[in-house]
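> Predicted model, plus sequence, below.
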Amino acid sequence: MVATAYLLGVSTHRVEKLAESLGVTQLSKSQVSVMAKHLDEQVAAFRNRPLDTGPYAFVWVDALTQKVREGGRIINVHALIAVGVNADGHREILGLDVATTEDGAGWLAFLRSLIARSLSGQLVISDVHMGLVNAIGATLPGASWQRCRTHYARALLSQVPKSAQPWVATLLRTVFEQPDADAVQAQMRHVLDALEAKFPKAASHLDAAQGDVLAFTAFPREIWRQIWSNNPQERLNREIRRRTDVVGIFPDRTALIRLVGAVLAEQNDEWTEARRYMGRELLAKVRLHPIESETDERQPCPPNSPHSLKEEITEWPSIHHSCGRDPRMDMVRECKSNGGSDDHGRDVK
């Protein structure tokens, strides 16, 4: 019970009070920590288990910054976490490691450790992390990288004045509201033209990133919402932070891995019993017949296609409304929030 309370994010002081209420007296903080260390073997087994429920068509990776005491100082380290969708359609925690710096060497070592445990993947979804894209290319040849659309939107909005952010957010959102890959590509061209006329710097920024931001279009439309952002990972990150915030500063890396690893193992068990995140038939289709995007021969956006801005985007609309909420502010709020949106998609039977 003490270990369970620890994992639930209860502080050591409150754990001590809990033990006292159960008739266990004189339970010190050090004793609580010793009891928690019994989790180490279970966490190690979980982190090193074979990845034998793949192939994992889609993999999300992220890094969480935590504080640990090391060498008489308090330093920042990065908990590297990978989540995938297995062959049965369930989400699965694939790996956890701790790196001193969030650079290419750390990501390369992390991905290599996953490959050694039989990781495979067709699309890796993440925010921009230093060295990650090169590490993906070195370890998962043939895999694509999807840059998180939510994180990218924040980066793009930083390229324009605050007064123009709702308009730019609206433009960018229309790209993701198209019915198929060709329409997405056509709409992106219209958005780039509109930005070029008013904010050339933002247009260049988007033009350089569009290949990575639109990588999701190479896969079936039914799962776009689930793979075009790192929002599913953000929900997991919030739960981890809720537990680690109770600790604040970890005494060492082992303690950090112990707590985060146990939380991830618990989440993995819940996902195993939950409804499938993606359908097995759809995953089989993805593995056997990946969609090739037509990047060189794109057709213009049909004039009556949904959310087409071919004509409308030539003017910079006012962002002020006489009454009610401006719907164009929704994406700005989404981009600035830590929680992301509902783009995690729905579980399927």
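On my side now, so go ahead. Numbering: from 1, shown residues only.
> C-alpha from now on. contacts and neighbour counts both.
Fine.
> what kind of secondary structure is the residue nearest to Phe176 when sequence neighbours are not counted in?
Excluding its sequence neighbours, the residue lying closest to Phe176 (Cα to Cα, 6 or more residues apart in numbering) is Val184, at 6.7 Å. Three-state assignment for Val184 (DSSP: H, G, I helix; E, B strand; the rest coil): helix.
> who's in contact with Val184?
Applying Cα atoms under 8 Å, 6 or more residues apart in numbering to Val184 gives the contacts 175-178, 217.
> For Ala203, state which of these is nearest.
For these, the minimum distance to Ala203 (Cα to Cα) is 14.0 Å, reached by Val175.
> Touching, that closest one and Asp182? I think so.
No. Using Cα atoms under 8 Å, Val175 is not in contact with Asp182, being 10.8 Å away.
> Compare neighbour counts for these two and give me the winner.
Val175 (23 against 19; other Cα atoms under 10 Å).
> how close does the more buried one sit to Ala183?
8 Å (Cα to Cα, to the nearest Å).
> Thr53 too?
As judged by Cα to Cα, Thr53 and Ala183 stand 35 Å apart.
> For Trp235, pull up the helix or strand it's in.
Not Trp; residue 235 is Arg. In this structure, Arg235 sits in helix 231-247 according to DSSP states H and E.
> Pairing partners for whichever helix or strand comes after that helix, with directions?
Scanning forward in sequence from helix 231-247 by DSSP H and E, the next helix or strand is strand 249-250. In the sheet containing strand 249-250, its partner strands are strand 58-70 (parallel), by DSSP bridges.
> okay but Ile74 is in contact with Lys67, surely?
Yes. Counting by Cα under 8 Å, Ile74 does reach Lys67; the two are 6.5 Å apart.
> what's in contact with the longest helix seen in the chain?
In the chain, with assignment by DSSP state H, the single longest helix is helix 253-273. The contact list for helix 253-273 (Cα under 8 Å, 6+ apart) reads 7, 37, 39-40, 42-43, 46-47, 68, 90-93, 96-98, 240, 244, 250.
> Go through those residues and flag which are in helices.
Secondary structure assignment by DSSP H places 7, 40, 42-43, 46-47, 240, 244 of those in helices.
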